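*Asks:* heads up, no residue letters with this:
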């Protein structure tokens, strides 16, 4: 059974940094696309960043480009999201996700089958 567990969220001041981790188990996750999404109350889940597979290109939402970096550690079956120069509008619950079959990345959260439980990121002004 595929499981994803996020960690690393917390409270940080604007301009600060956090690194989120997503530990995967249940299969060789390097063959599949993985992504980060975020959600605030009353809004739809929003694409943040994705990587098609280990060693491939990465993709970012315009709102985080240049500030966030997605990376994967194949040996540890773990994905990371380094978040720098955080802004209050980055406040959300952050989720990691992976596809069921595809190595291609998607912006649409409906293309991802497995999800973590989420980790809260709060950026104070």
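*Replies:* In hand now; what should we look at? Keep in mind that this is a model prediction, so the values were computed, not measured.
*Asks:* Where does the residue nearest the centre of the chain sit, in terms of helix or strand?
*Replies:* Closest to where the C-alpha atoms of the chain average out (Cα atoms, centre = their mean) is residue 36, at 2.2 Å. Assessed by DSSP states H and E, residue 36 sits inside strand 34-39.
*Asks:* quick one: strands adjacent to that strand?
*Replies:* strand 46-51 (antiparallel), strand 92-98 (antiparallel) (DSSP bridges).
*Asks:* which residues touch the nearest residue to residue 57 once chain neighbours are set aside?
*Replies:* Closest residue to residue 57 apart from its sequence neighbours, by Cβ to Cβ, 6 or more residues apart in numbering: residue 51 at 7.6 Å. All C-beta atoms are positioned from the backbone trio N, CA, C, and that covers glycine. Counting by Cβ atoms under 8 Å, 6 or more residues apart in numbering, residue 51 touches 33-35, 57-59, 70-72, 79, 105.
*Asks:* Please apply the same query to residue 1.
*Replies:* Contacts of residue 1 by Cβ under 8 Å, 6+ apart are residue 26.
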